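J.: Need coordinates for the below:
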Amino acid sequence: MDFYAIPELIGDLVQLEPLSVDHAPELAEAIAENDLYTTWVARLPAPENMLEDIETRLNQNAEQQAVPWAIRRISDGRAVGVTTFLHIRPEDRRLEIGSTWIASSAQGTGINAESKLLLLTYAFETLGCIAVEFRTHWHNRRSRAAIAALGAKQDGVLRNHDVWQDGTVRDVVVFSIIDREWPTVRLGLREKVRSFTE
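T.: As a prediction, the model looks like this:
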């Protein structure tokens, strides 16, 4: 399987589509909601830097370093975020789902749960992954809770892992789902998505 392909993945609430520069205006608008880009616990592009951020992700895909998608909300057709496969290791059949952000208006609506269901289904059932990782800032408690709610288990904390532009140092919390856990995680995610679609 081609771990670096970017297939369209479609659910009931969300459509994941190959990221392109054409998404820049919509995504700039989405990340501007409630000044999402100013959060201190994630590296998010400012609206005026969205095109540059997209081009960086596309270059990483060309160099087989990342697989980026735009997240489109089906109910109104708006692009509301971005998600990415990172740290892709086809030989070890594992990857990370990360560098994800979702507009404030789409949070808590099932968009994240269904996005992860689509991505995890593709990773485990099409690519044949044996493990999928998630990483987040130690202080990003909302992200940590959301990852745990998916059914991922915490593997550990990488202390002093990243130095940020302001000079602060980030501890990174690592979670994962392994292949034998996937059937149960899948059931939980389907139920979570169903609660938003009924």
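
J.: contacts and neighbour counts: CA atoms only from here.
T.: Will do.

J.: What are the contacting residues of the longest helix belonging to the chain?
T.: Of all segments of type helix in the chain, defined using DSSP state H, the longest is helix 182-197. Applying CA atoms under 8 Å, 6 or more residues apart in numbering, the set of residues contacting helix 182-197 from outside is 12-13, 109-110, 113-114, 117, 121, 124, 150-152.

J.: Please repeat the previous calculation with a cut-off of 6 Å.
T.: The contact list for helix 182-197 (CA atoms under 6 Å, 6 or more residues apart in numbering) reads 110, 114, 151.

J.: most neighbours, which of those residues?
T.: The most crowded member of the contacts of helix 182-197, judged by other CA atoms under 10 Å, is residue 114 (24 neighbours).

J.: what about stretch 115-128, distance to the chain center?
T.: 12 Å (CA atoms, centre = their mean, to the nearest Å).

J.: model confidence over it, on average?
T.: Averaged across stretch 115-128, pLDDT comes to 98.

J.: Determine how far the last residue of it lies from the first.
T.: Here the two ends of stretch 115-128 are set 18 Å apart, with distance taken as CA to CA, to the nearest Å.

J.: Just the buried positions in the one helix or strand residue 31 maps to, please.
T.: Element membership for residue 31, per DSSP states H and E: helix 24-32. Neighbour counts using 16 or more other CA atoms under 10 Å place 24, 26-32 of helix 24-32 among the buried residues.
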